[in-house]
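Just need the structure, nothing else, for what follows:
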Amino acid sequence: MLKLYSGLMKKKKLNKENVFVALSIVFLLGSILFYGGRLIYFYNLENKAEEEVVTNLNDVLISEEVFSGDGLYKVDDVYYFRGSDVDNYLLYSGRLFRIVGIDQDGGIKLISDEVNTVIYDGRDESVDSYVDDWLNNVYLDTLNQDYLTDTSVCSDYIDTNITCNDVLKENISSLSLYDYMQANDTESYLNNGSYFWLKSKKSDNTTWYVDPEGISSTTTNKVSLGVRPVITLKKDLVVVSGDGSDSNPYTIENVIAFNLSDAYVGSYVSFSDYLFRIMSNGDTTRLVMVDDMDKHIFSTYSNAFETNRRNSLAYYLNHDFYNSLDSDYLIKSDFYDGIYENYYKEVESDSVNAYVALPSVGDILFTSDSLLITPTGKATQAIYAINNGRLNSIEIDTEYSYKPVITLKEDIVIASGTGTSSDPYILK
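Numbers count the residues shown, from 1 in each chain. Got it, this is the predicted structure:
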């Protein structure tokens, strides 16, 4: 009996110990799971990578709306930048633009910050507008069109009252007088010190333009003035970088070029210790110099670009200057040098084969003052030159600024750089 009682007591004691051990194990496991889970949670919380903030360009711009001073204004259902002190720079397709505003559909209208060519705004039996023809058949093809939409253009004939009752949709255009005035005309960011054409016309079919002081007027004279393309971006695009300032413009593209042939027109290239910009691209790449060169006469003989004629700029460029370049990349190519009188395509009537030449009428340009390769046709002693966005005829023995143009062979690899003025492409 005593043995039976003793056994029962030991069994009860054993069961209590087992229960205690089991409970301890459960408690310990629970603690490990709880505190381990909390540790993992707070570790992940502390070390969680920042989520990418998607910034909508429309939202960024509209958030800066102002009611006085310089900045973005809302006029009915359209936004306009007004004044001269505005951060509305945007880098697109290798070129710097200014944001004009936001249209009624949410599209963001841009205008080139610089004059991109200098031509006559005329017409003939085949072309209604030489400027429109150049914009659509030369310039537009050099842009990334993935982000573009139609541009709203005021097409009113303007004699006295500046209105915008008739609106057209175009792929690419020039700025209307109405948009220019909305920006505050002479006191606006649009006044860049150059002559440039506007889209608007008077009822007598003369064309409005802006002079270097920002004053708008019309001309009946056959003059060649600057062209500043106007395009429109689709709404709700994402800002990749930038704050809209001159030194840090907005960007919406994130494209890396590995070969020079893939780079945008307008991109900067460092070559042979000179700074150039791409003026055309494709199978070969044509570059125009950015750096200032010492002034030089065109020739002492005629307005023909003759590379073997001594005492000429053509000779200097293709001998002395050529010897300062890395010839491994250079190729000889044809440069248009036909006589220009009306239509920019007239220059294609003749060409010269050279290693180094000058810009021609109709080229995409990035310069305000430069000799051209284009002869006037009025006299063998005169050549065309650009001055502040206007084409002038000068004597061939007049010293003038010039920008050499070269052609590089295809399949050139980019070693580094992003193609901006501060970080130009370096060739491999």
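
just checking, what packs against the helix or strand that contains residue 132?
The secondary structure element spanning residue 132 is helix 130-134 (assigned by DSSP states H and E). Contact analysis of helix 130-134 by 3 or more C-beta pairs under 8 Å, 6 or more residues apart in numbering; DSSP states H and E lists strand 117-120 as its packing neighbours. All C-beta spots, glycine's among them, are computed from the backbone N, C-alpha and C.

And the contacts of the strand it packs on?
When contacts are defined by C-beta atoms under 8 Å, 6 or more residues apart in numbering, strand 117-120 is touched by residues 130-131, 134, 138-139, 222-227, 342-344, 361-365, 386, 389-391.

Please list the members of those residues that lie in strands.
224-227, 386, 390-391 (DSSP state E).

Make CSV from the residues you listed and add pLDDT to it.
What follows is those, written out as CSV (pLDDT from 0 to 100):
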residue, pLDDT
224, 96
225, 97
226, 97
227, 98
386, 96
390, 96
391, 96
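
picking that back up, residues making contact with the helix holding residue 132?
Around helix 130-134, the neighbours that count as contacts under C-beta under 8 Å, 6+ apart are 117, 119-123, 127, 173-174, 197, 227, 342-344, 362.

returning to that earlier point: give me the buried subset of the ones in strands among the contacts of strand 117-120.
Applying 16 or more other C-beta atoms under 10 Å to the ones in strands among the contacts of strand 117-120, the neighbour count classes 224-227, 386, 390-391 as buried.

residues contacting the residue nearest to residue 305 when sequence neighbours are not counted?
For residue 305, ignoring the flanking residues on the chain, the nearest one in space by C-beta to C-beta, 6 or more residues apart in numbering is residue 314 at 4.6 Å. Residues in contact with residue 314, defined by C-beta under 8 Å, 6+ apart, are 299, 305-307, 354, 357.

Can you tell me the SS state at residue 314?
Secondary structure assignment for residue 314 (DSSP: H, G, I helix; E, B strand; the rest coil): helix.

and it, what pLDDT?
Turning to residue 314, the model gives it a pLDDT of 98.

what's the answer for residue 89, then?
We note a pLDDT of 98 for residue 89 in this prediction.

beta partners of it?
Note on residue 89: beta-bridge partners by DSSP bridges are residue 98.

was I right about it contacting residue 113?
Yes. Contact status for residue 89 versus residue 113: in contact at 7.1 Å, counting by C-beta atoms under 8 Å.

shared neighbours of those two, anything?
Going by C-beta under 8 Å, 6+ apart, residues that sit against residue 89 and also against residue 113 are 96-98.

Distance of the residue nearest the centre of the chain relative to residue 265?
When C-alpha atoms, centre = their mean is applied to the chain, the residue found nearest the centroid is residue 95 (1.7 Å). For residue 95, the distance to residue 265 (C-beta to C-beta, to the nearest Å) stands at 7 Å.

picking up where we left off before, take the ones in strands among the contacts of strand 117-120 and write them to CSV, including distance to residue 209.
Listed next are those as CSV, based on distance: C-beta to C-beta, whole Å:
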residue, distance to residue 209
224, 11
225, 5
226, 9
227, 10
386, 15
390, 10
391, 13
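
Doesn't residue 136 belong to a strand?
No. Assessed with three-state DSSP, residue 136 is helix; it does not lie in a strand.

which residues does it contact?
171-172 are the contacts of residue 136 under C-beta under 8 Å, 6+ apart.

give me the low-pLDDT residue ranges for the stretch 1-150 of the chain?
1-54 (pLDDT under 70).

Which stretches in it count as strands?
Secondary structure of the stretch 1-150 of the chain by DSSP state E, counting those that start in this stretch: the strands cover 71-75, 78-82, 89-92, 95-102, 108-112, 117-120, 148-149.

before we move on, what about the stretch 301-428 of the chain?
Under DSSP E, counting those that start in this stretch, the stretch 301-428 of the chain gives strands at 333-336, 351-354, 356-357, 369-375, 382-387, 390-395, 405-408, 414-416, 425-427.

Quick check: neighbours of the last one in the sheet, parallel or antiparallel?
Here strand 425-427 is paired, per DSSP bridges, with strand 268-271 (parallel), strand 414-416 (antiparallel).

Measure how far that strand is from the centre of its chain, please.
Here strand 425-427 is found 19 Å from its chain centre; the criterion is C-alpha atoms, centre = their mean, to the nearest Å.

Same check on the fifth one?
Its chain's C-alpha centre and that of strand 382-387 lie 26 Å apart, by C-alpha atoms, centre = their mean.

packing partners for that strand?
Strand 382-387 is packed against strand 369-375, strand 390-395, with contacts defined by 3+ C-beta pairs under 8 Å, 6+ apart.

Now with 10 Å, please.
The elements that strand 382-387 packs onto, with contact taken as 3 or more C-beta pairs under 10 Å, 6 or more residues apart in numbering; DSSP states H and E, are strand 117-120, strand 224-227, strand 369-375, strand 390-395.

swap in the first one?
If contacts are counted by 3+ C-beta pairs under 10 Å, 6+ apart, strand 333-336 sits against strand 351-354, strand 356-357, strand 369-375, strand 405-408.

change it to 7 Å
For strand 333-336, the contact count by 3 or more C-beta pairs under 7 Å, 6 or more residues apart in numbering; DSSP states H and E identifies strand 351-354 as packing neighbours.

List the buried residues in the strand it packs on.
Residues of strand 351-354 classed as buried: 351-352, 354 (neighbour count, 16+ other C-beta under 10 Å).

and it, which strands flank it?
Applying DSSP bridges to the sheet, strand 351-354 is found paired with strand 333-336 (antiparallel).

what mean pLDDT would you report for the strand it pairs with?
Over the span of strand 333-336, the pLDDT mean works out to 97.

Could you pull out the buried residues of that strand?
Going by neighbour count (16+ other C-beta under 10 Å), the buried part of strand 333-336 is 333, 335-336.

Please convert those to TSV, extending it with distance to residue 183.
Supplementary listing: the buried residues of strand 333-336 in TSV, determined by distance: C-beta to C-beta, whole Å:
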residue	distance to residue 183
333	40
335	37
336	35
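
and which of those is nearest to residue 78?
residue 336 (40.8 Å; C-beta to C-beta).

Quick check: bridge partners of the closest one?
On the basis of DSSP bridges, residue 336 takes part in beta bridges with residue 351.

buried stuff in the helix or strand residue 217 falls within?
Remark: residue 217 resides in strand 216-219, with elements defined by DSSP H and E. For strand 216-219, the neighbour count (16+ other C-beta under 10 Å) marks 216, 218 as buried.

just stretch 161-172 next, same as before
Under 16+ other C-beta under 10 Å, the buried positions of stretch 161-172 are 162, 164, 170, 172.
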